[in-house]
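Visitor: What follows is a protein structure lacking sequence information:
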Ligand code: ADP
Ligand code: MG
């Protein structure tokens, strides 16, 4: 894993050096461009794949990779110079516009999900060893202590000024990849790309349709097996973002401990769902919602969908049945036992 990460880092380094400074560069326009360009990289602790079609696709993908590395450095809790590390160390300070934007969006989702999504979860991620991969099951008193600083109401964002009270510290891991996929799509658009698909470790976002005008077909992974799918979603211009306990976890004494923490208990969420996929035109919101709905469980997810407080569609799985929201009932095909969640109960 480490070697693979290293090799990929080298590839990214070489790619970054050859990237041109701006899209539409004349010299570059004159050069013949391939009709399709793909790159696979390792960033944000996950494998990513980016494909763009049409003229300028190679440049678009190169620029997108650069952007991913820039954002990774800005949001990573593992980087001593990141906005997030500085805020966690100092308790307050100025962050980039982008970090402020993500924090604001995170707060909106926290409010609409009664705190099921909460970026102040960081002390618990550390306690359970998810930040260092030195996993362990903490003592209950340690969890109680860490929970004291967990509340999104301790976060304030004023323009680019951010402050954390109550000893809180933050982790943008539940929302950063969604923002990143949105930025990647925007960069591709700026490069004149009309058809693209990016997959940031299971977080998919598509631009336009396929080149033949038909919808993209996005397979939703079955959490029970890497090689099987819950079904296929036909879609265009959407983020399709999945969260599940199966993505990152450790086992101890036959018990599985995963990385989605219930901010109420401090333990991995004891959700009745095994997978949550959000379909939404906004990648940032989709990512935060996928984590939140996992914590909220089936009833909470239904309630939020029906409230209309946020515009999204969803595909939920509880281990045996797939629940599909009304808005995508005709575009999601599955062979599994299925229930449609209507807007009106
Ligand atoms: P993935 O990172 O696998 O795509 P998620 O989008 O669900 O999955 O994000 C999980 C990450 O979000 C965790 O690794 C952690 O950084 C953070 N996190 C965990 N629980 C919560 C929570 N309740 N609210 C906000 N962020 C969380
Ligand atoms: Mg998420």
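Guide: Thanks, I have it. Everything numeric here is computed off the predicted structure, so don't read it as measured data. Numbers count the residues shown, from 1 in each chain. Ligands and ions are numbered 1, 2, ... in the order given.

Visitor: tally of neighbours for the closest residue to ligand 1 within the stretch 151-300 of the chain?
Guide: In the stretch 151-300 of the chain, the residue that lies nearest ligand 1 is residue 173 (2.4 Å; Cβ to the nearest ligand atom). Glycine gets a C-beta too; all of them are placed from N, C-alpha and C. Residue 173 sits with 23 neighbouring residues when counted by other Cβ atoms under 10 Å.

Visitor: Surely it and residue 77 touch.
Guide: Yes: using Cβ atoms under 8 Å, residue 173 is in contact with residue 77, at 7.5 Å.

Visitor: Find the residues that touch each one of those two.
Guide: Common contacts of residue 173 and residue 77, defined by Cβ atoms under 8 Å, 6 or more residues apart in numbering, comprise residue 125.

Visitor: in whichever helix or strand residue 294 is part of, what counts as buried?
Guide: Under the criterion of DSSP states H and E, residue 294 resides in helix 283-307. For helix 283-307, burial by neighbour count (16 or more other Cβ atoms under 10 Å) applies to 283-298, 300-302, 304-305.

Visitor: touching ligand 1 at all, it?
Guide: Yes: Helix 283-307 is in contact with ligand 1 by Cβ under 6 Å from any ligand atom, via 287, 290, 291, 295.

Visitor: any idea which of those is closest to residue 50?
Guide: residue 287 (16.9 Å; Cβ to Cβ).

Visitor: Helices of the stretch 51-200 of the chain, residue ranges please.
Guide: 57-75, 83-90, 97-112, 122-127, 140-147, 176-190 (DSSP state H, counting those that start in this stretch).

Visitor: got the residue ranges for the strands in the stretch 101-250 of the chain?
Guide: 155-158, 161-164, 195-200, 203-207, 216-221, 229-235, 239-243, 249-252 (DSSP state E, counting those that start in this stretch).

Visitor: Please name the nearest non-neighbouring residue to residue 110.
Guide: Nearest non-adjacent residue to residue 110, counting by Cβ to Cβ, 6 or more residues apart in numbering: residue 152, 3.9 Å away.

Visitor: any idea how far that neighbour is from residue 241?
Guide: 20 Å (Cβ to Cβ, to the nearest Å).

Visitor: Residue 165 now?
Guide: For residue 165, the distance to residue 241 - Cβ to Cβ - is 30 Å.

Visitor: Neighbour count for the two, which is higher?
Guide: Applying other Cβ under 10 Å to residue 165 and residue 241 shows that residue 241 carries more neighbours, namely 28 against 13.

Visitor: tell me which parts of this protein are close to ligand 1?
Guide: Near ligand 1, when you scan the chain using Cβ under 6 Å from any ligand atom, you find 117-119, 121, 125, 130, 171, 173-174, 177, 201-203, 243, 247-248, 259-261, 263, 287, 290-291, 295.

Visitor: looking at the strands of the stretch 101-250 of the chain, which is buried most?
Guide: strand 239-243 (a mean of 27; mean count of other Cβ atoms under 10 Å).

Visitor: which other helices and strands contact that strand?
Guide: Applying 3 or more Cβ pairs under 8 Å, 6 or more residues apart in numbering; DSSP states H and E, we find strand 239-243 packed against helix 176-190, strand 203-207, strand 216-221, strand 275-280, helix 283-307.

Visitor: Next, the residues that contact the third one from outside, please.
Guide: Under the criterion Cβ under 8 Å, 6+ apart, residues 197, 202, 204, 206, 209-210, 228-236, 240, 242, 275, 277, 315, 332 lie in contact with strand 216-221.

Visitor: and this structure, which residues reach ligand 2?
Guide: Neighbours of ligand 2 within the chain, by Cβ under 5 Å from the ion: 174, 243, 287, 290, 291.

Visitor: In CSV, list those along with pLDDT.
Guide: Listed next are those as CSV, based on pLDDT from 0 to 100:
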residue, pLDDT
174, 96
243, 95
287, 97
290, 98
291, 97
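
Visitor: residues touching whichever residue of the stretch 51-200 of the chain sits closest to ligand 2, list them.
Guide: With Cβ to the ion, the shortest gap between the stretch 51-200 of the chain and ligand 2 falls at residue 174, namely 4.2 Å. Taking Cβ under 8 Å, 6+ apart, we find residue 174 in contact with 106, 117, 119, 121, 243, 260, 287, 288, 291.
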